[in-house]
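Q: A predicted structure for the sequence below; I have some questions about it.
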Amino acid sequence: MKLFDTHTHLNVEQFDGIEDDIIRQAWQNDVNYMAVVGFDEATILKSLELSEQYDSLISVVGWHPNEAGSYNDAVEEKLRQWLQHPKVKMLGEIGLDYHWNRASKEVQERVFRRQINLAKELEFPITIHNREATEDVYRILKDEGLPKKGGIMHSFGGTPEEVQQFIDLGMHISFSGVLTFKKSDDVRQAAKMVPMDRLLIETDAPFLAPVPKRGKRNEPGYVKYVAEVLADVKGVSVEEIARITTENAFNLFGWRPEDD
C-alpha cells in the first residue's frame, strides 16, 4: 500500500530539526509521497530544500490569503522564479480566509485572482484554502475559470451541496483529519458524492490531526487514518483508497517518482 499526503507543512517550525524523523515515520506508515506546501517566502524556501533532499517529496508554492497584505509585483516575480523549480508541481495554497481576516476581503480577493491567473498563464494546477468563505471562493473560481490542469479544494470541510458545486467546476476534493471528527457528518456525506477519480487525501500537518490522534501534533504518517475513514464512507478497502488517491495525485501533479 502506498499513500500520498497531498498537503503537508513539514516546512514549519513545529518540525524544525526533526523533518528526517517525521518523513521516515511516514514511510513506515505506508505514506510514500508527500507534497510540502509553502505559503510565504520562508516556508517556500524550506519546501524547496526538502523536495531537493528527498525524491519522494514535491513542492507546492503560493501566497496564503493570510499573507495577502504583503503580495506585490516583487513577490509575484519571485513566485514565477520558484515555479520554474523542477520539483514544484502546483501553485498554492491560495484562496480566502475570513476567519483570521489578516487582510481585507478586497485585498484577499485581488491576490487570489492574480494567482489564479498566474497559474493559468504558467499552466500549473492550484490548491485552494477556503476558511469561512465558500460562497466567494466559488464565485471567484467560477469567474476566473480553472487552470488547464485543474486544482484541489484542500482540506474540504463543507456540505454535500457545496462539494457538488466544486466538482461541477472540475476541482479535485481533498479530505483531511476533519473527515474523521465526530461532528463531521456533513463532510462524510460530501465524501460519498465525490467521484473516485477526483478524490485525494491529506493531513495539513501539523494541524487537524485525525481521530485517534486528535489534539496532538499532526504528521504525514497519520494520513492513513483519513484513508481508513474514507474507505469506510466509500465502501471499499483501504488498499483501494490508497491506490486510487495516489494515482489521482500523480495525475494531477503531473509527477511520478522514478522508482515507482
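A: Cool, got the structure.
Q: any idea how many residues pack against residue 13?
A: Residue 13: 11 surrounding residues under other Cβ atoms under 10 Å. Bear in mind the C-beta positions are built from the backbone N, C-alpha and C, glycine included.
Q: distance of it relative to residue 43?
A: Look at residue 13 and residue 43: by Cβ to Cβ, to the nearest Å, they are 10 Å apart.
Q: same check, this time on residue 31
A: On the measure of Cβ to Cβ, residue 31 and residue 43 end up 20 Å apart.
Q: then residue 230?
A: For residue 230 relative to residue 43 (Cβ to Cβ), the value is 27 Å.
Q: and these two? Which one has more around it.
A: residue 230 (25 against 20).
Q: helix or strand: which one has the spatially closest residue to that one that is not a sequence neighbour?
A: Computed as Cβ to Cβ, 6 or more residues apart in numbering, the closest residue to residue 230 that is not its neighbour in sequence is residue 241, at 5.2 Å. Using DSSP states H and E, residue 241 sits in helix 238-253.
Q: how about that helix: buried residues?
A: Across helix 238-253, burial judged by 16 or more other Cβ atoms under 10 Å covers 238, 241-242, 244-246, 248-249, 252-253.
Q: nearest to residue 81, out of these: which one, please.
A: The closest of the buried residues of helix 238-253 to residue 81 turns out to be residue 253 (Cβ to Cβ; 19.8 Å).
Q: was I right to think the closest one contacts residue 92?
A: No. Applying Cβ atoms under 8 Å, one finds residue 253 not in contact with residue 92, separated by 11.5 Å.
Q: so what pLDDT did residue 259 get?
A: pLDDT for residue 259: 63.
Q: how about the strands in the chain?
A: For the chain, the strands defined by DSSP state E cover 3-8, 31-38, 57-61, 88-97, 126-131, 151-153, 172-175, 199-201.
Q: want to throw those strands into CSV with mean pLDDT, distance to residue 187 and mean neighbour count?
A: CSV is the format used below for the strands of the chain (pLDDT from 0 to 100; distance: least, Cβ to Cβ, whole Å; neighbours: other Cβ atoms under 10 Å):
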stretch, mean pLDDT, distance to residue 187, mean neighbour count
strand 3-8, 98, 16, 28
strand 31-38, 98, 20, 27
strand 57-61, 98, 22, 27
strand 88-97, 98, 18, 25
strand 126-131, 98, 13, 25
strand 151-153, 98, 12, 28
strand 172-175, 99, 7, 26
strand 199-201, 99, 13, 25
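Q: number of nearby residues for residue 160?
A: Residue 160 - counted by other Cβ under 10 Å - has 15 other residues nearby.
Q: you'd agree it is up against residue 191?
A: No. Look at residue 160 against residue 191 with Cβ under 8 Å: they stay out of range, at 9.1 Å.
Q: in the stretch 1-150 of the chain, which ranges drop under the pLDDT threshold?
A: Across the stretch 1-150 of the chain, not a single residue meets the criterion (pLDDT under 70).
Q: picking that back up, so which of the strands of the chain is nearest residue 186?
A: strand 172-175 (12.3 Å).
Q: what is that closest one packed up against?
A: Using 3 or more Cβ pairs under 8 Å, 6 or more residues apart in numbering; DSSP states H and E, the elements in contact with strand 172-175 are strand 151-153, helix 160-169, helix 185-193, strand 199-201.
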